[in-house]
Structures are given as C-alpha cells and as structure tokens.
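> I need the structure of the sequence given here:
(chains A and B)
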2 protein chains.
Amino acid sequence: MRISILGSGNVATHMGAALKNAGHRIMQIYSRNLQHASLLAYHVSAEAIDDLNLIDPETDLFIIAVKDDAINATVKQLAPHHRLIVHTSGATPLKDISEWSTPTGVFYPLQTFSKNKELNFWEVPLCIEGSNEVITQMLLDLARTISNNVYQVNSDQRKMLHLAAVFACNFPNYLYSIAQNLLSQQELDFNLLRPLIKETAEKVQSELPAAVQTGPAIRQDESTMSAHLQLLKASPELQDIYTLLSQGIIKMK
Amino acid sequence: MRISILGSGNVATHMGAALKNAGHRIMQIYSRNLQHASLLAYHVSAEAIDDLNLIDPETDLFIIAVKDDAINATVKQLAPHHRLIVHTSGATPLKDISEWSTPTGVFYPLQTFSKNKELNFWEVPLCIEGSNEVITQMLLDLARTISNNVYQVNSDQRKMLHLAAVFACNFPNYLYSIAQNLLSQQELDFNLLRPLIKETAEKVQSELPAAVQTGPAIRQDESTMSAHLQLLKASPELQDIYTLLSQGIIKMK
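Sure thing, here's the model as predicted:
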C-alpha cells in the first residue's frame, strides 16, 4: 500500500517504521516542522513536507497522527483528494472526520510510545473502525500486517478504552512518581521499587487485577493504614489519595 | 547456614526455596497448619512442625514470615533459645522484636509474591537491618547469597519504603481493576490493556516516572478530562479518583 503520514511524533514514528518494515511504501511525511518531518522521512525512505498543499494525491491512505485538536483542520485539507483518511486518536469519534465525502476510518494503537525506546509493534493492540464494512475490512487486513493484536472497536468502545487507558497507564505512572518522592524523603533509591513495579504489571498479564490485589486495604489492616496516614501528615493531598484509593480497595472484597 | 522458617505463606515459600538453592540447610518449617508446613518443608527438605515447642534450637537463624500481628508472639516463644531471629515485615520496626535478650534483625524482601508464579529471586531487593553491626554484616552477607539487590535500610527508611510500595504496587493494581471494569461495560477484553500496563511499568525501569508522564492531565487537556468525567457520571467514586489524581498530575508540571 502507498501510505502518507501526517505527523512526526511518537505514534507517527513507531507506526511508520512498522508499516515500512511490513513492506508498505511510505510516500510522504508531513509536519509543520520540516526538520521533524525529515528525520522520520529519512528512516522510512519517504519525502518530507511541511505544507499540506504539497501533498501527493497518488496515495492509498492518509494516516493522521497529529494532536487531537489539529485533526479536523488536517482532514479538511486532505478531503478534496478523495482518498482514504484514518486518524490514530483514542478520544476522537469517527464521525468527527466523516463529514467530508471521502472514506474514513480509525487506526488507534493502544500503547504508550517513547521516541527513544524500542518496542515490539507486533504486540501493540490496534483498534480499527471504518466508515463502511469494506473499509473496515481493508483496515483490519492492513493492521494485521503490523500487529498480532487487532481489534474491531466502535467509537463508543474506543472512548471507554481511552478512559480506561488513563486508569491503566497515566494514573499508575503518577503513583510511581509519588512513591519515588516518598523514597527520596528518606534518601532511598528508586531502584528499590523498580522490580516491584515490574512484577505488579507482570502479574496481571495472566491474572485479573481483582484476583491479585494485595496490601493493607484489602486485608482491612486498619493499624497499618493509620500508620501510613500518619507518615503522610505533611501532605494532605497524598492523604486524600491514600484514603480514597484504600476505600475503593476495601469495597472490592 | 542452618535456618528455620516460621510461616508457610508466599514470602516463606519463595525465600525458603532461594535459601535452599543457595546451599543453606533448612532445618524446620513451622506453620499452625501442618499441611501447609509439610508442603513447603517437602520442597526444601526440612522437617514440618505445627507446634513452637517442637522447635529445634540447633539452628543459626530463625526467619519469621508470619502475619505482622503474629510476629511478637512468635518471637517471644523463640527468644529463650538465644539464637538470631529476623522478621521479614516492611511495617514492623526492629525495636518491636529487640526487647528480648537475643540478637535480632530484619530481612525484608520488597516484592509482591504469588504462590503459583515463578520469580527470579536474584532480582528481589532485600532490605537488611541488624540489632548491631556484626549482625547487620552477617545478614548482608547472607542476603547476597540469594539476591543481587541487597540494601542496608533502617527502620524509619523501611517504614517509608513500605508506604511507597503501597503507591507503587497496591494502588496501581486497583487502578488496573477499575480499568478492567470500565472495559467490561463496553464488552471489551482486558487483553486490550495488558500490553499498555506492561509497557508503562517497563518505561520506568530506566527513566524516572515524572519524566515519562503522559495523558490528558499533564497536557492540561481540559476537554478530554471533562469528556472522561462525563463518561464516569454513573460512578461518583470514580469521578473523585479521576479528579484527585488528575489534579496531582497537573501539579507535577
């Protein structure tokens, strides 16, 4: 397939590399910043552009991997070419880009990407939606050339998935950061906690989280919980977080 | 070293196996439940007992791996043998078991253990404290026969570490469980989130959490956050958790 990618961030970079490796031809990389576009374009043997008027319409698929609030403006400029356009956003319903007379879809990778960290794209869940059944099928086939975890997911489901990802990724990372701050108060190295963090995530790879919940709250160990709250007495915000999450855990029983 | 273990739970099981593999002699396994004691004793070629009066005093070290609220009663019964006694608890200060005229210490493994899940004990951080310098050194040496992550940690530090572990392990697991419940509302499989959970924990193995924070809160993306709160309108508790954690993330900037 001939594919052009709009955007040069983490999603564009990882998805572009996976598509190139799978044998697709990457035509153009667009970014408002030509240097960013050039860097990715070089890796996937594509042309870099920083002006949407320079788009080559001889492409089968436009993949939009720009910030959510720039998706609409980008689609508007691509629509007149009447090619298939997909976005890669968890939070954007398909209908937001379907108002133009061009086929559209969604190609949402449910993963957290870092520019400098390699990642096996075959394991990345890809959530696919198309504006009709033919397009859905075509996008599912394309997705399976780069991932072993391909799901058909409608816009309502994707919205929930995006919210769930905040609970499964963004919030745990924030809690790791609180833990690190607590350690530094006692001049302890974050390395002490890294194996625990890793194992906690490993455990739920084969079990459901509710089945492996541990800690003072699930044991209703009141004396440990009040000792912990006492330790947090200098940070009312952390006490609130501790109390709210512990109450939630107690209700799991 | 000749070692006896009091307890037959997850810590006793994993530590007992590691000590046995390192060439130490496990003398006895004590549990109130003889069947539990026998199961572990069989694996480490030890004698199973369910009565502390049957303790063989010809041991160099007693390792107490019982529930926190049973530690004191156990130490009291072992103290008359005047052998080295250590506990394995994060939440119990050394002084709680030091009131008897016997050498004492702490041998706290900072990890979450599951009975049925294998784990590389060499990577488990072991936090060591002794009632004097000679004992501390002896326990550090012993710890290094089973782990490459040995730390000397005093009781105040260990208390903070135990609290930090709640933020790094117990709370993230609860958030995974919330995420799973949200998915099931849309009949989505938890498998969709597993790679994200794993990668989120992987990322902080080489980076600090604050450096890799992602999501709507750190971007101060108000429209996504209010859409998420709207999706949670049937669960005020989850809205509270979402708001509190998002506010914390916003303050990280």
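
> Can you pull the residues of the stretch 1-150 of chain A lying near chain B?
By the rule C-beta under 8 Å from any C-beta of the partner chain, the part of the stretch 1-150 of chain A lying against chain B is A:68, A:91, A:110-112, A:114, A:117, A:119, A:123-125, A:127, A:149. For every residue, glycine as well, the C-beta is placed using N, CA and C.

> so which strand or helix has the residue in chain A sticking out farthest from the centre?
Largest separation from the mean C-alpha position in chain A: residue A:223, at 39.2 Å (C-alpha atoms, centre = their mean). Assigned by DSSP states H and E, residue A:223 falls within helix A:222-231.

> ok, then the element right after that helix?
Sequence-wise, the next helix or strand downstream of helix A:222-231 (DSSP H and E) is helix A:236-252.

> List every C-alpha atom in that following helix, with coordinates, as CSV.
Extracted C-alpha coordinates of helix A:236-252, given in CSV (Å, rounded to 0.1, in the frame of the first residue of the first chain):
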residue,chain,number,x,y,z
PRO,A,236,-2.9,16.4,52.9
GLU,A,237,-3.2,15.7,49.1
LEU,A,238,-1.4,12.4,49.5
GLN,A,239,-3.5,11.5,52.5
ASP,A,240,-6.6,12.2,50.4
ILE,A,241,-5.3,9.9,47.6
TYR,A,242,-4.3,7.2,50.1
THR,A,243,-7.8,7.3,51.7
LEU,A,244,-9.8,7.4,48.5
LEU,A,245,-7.9,4.5,46.9
SER,A,246,-7.9,2.4,50.1
GLN,A,247,-11.7,2.9,50.4
GLY,A,248,-12.1,1.7,46.9
ILE,A,249,-9.9,-1.4,47.5
ILE,A,250,-11.9,-2.2,50.7
LYS,A,251,-15.1,-2.2,48.6
MET,A,252,-13.6,-4.7,46.1
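
> Correct me if wrong: residue A:64 contacts residue A:7.
Yes. Between residue A:64 and residue A:7 there is a contact at 6.7 Å, judged by C-beta atoms under 8 Å.

> Okay, residue A:21 and chain B: tell me how far apart.
In this view, residue A:21 and chain B are 18 Å apart by C-beta to the nearest C-beta, to the nearest Å.

> Over to residue A:199?
In terms of C-beta to the nearest C-beta, residue A:199 sits 6 Å off from chain B.

> same thing with residue A:135?
21 Å.

> Then that residue would be within a strand, right?
No. Counting by DSSP: H, G, I helix; E, B strand; the rest coil, residue A:135 is not found in a strand; it is helix.

> so where's the stretch 101-250 of chain A uncertain?
Within the stretch 101-250 of chain A, no range satisfies pLDDT under 70.

> For it, which segments count as helices?
Under the criterion DSSP state H, counting those that start in this stretch, the stretch 101-250 of chain A contains helices at A:133-143, A:155-165, A:171-185, A:194-203, A:222-231, A:236-252.

> Adding distance to residue A:77, write the ones you listed out as TSV.
Formatted as TSV, the helices of the stretch 101-250 of chain A follow (distance: least, C-beta to C-beta, whole Å):
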stretch	distance to residue A:77
helix A:133-143	20
helix A:155-165	23
helix A:171-185	35
helix A:194-203	41
helix A:222-231	54
helix A:236-252	44
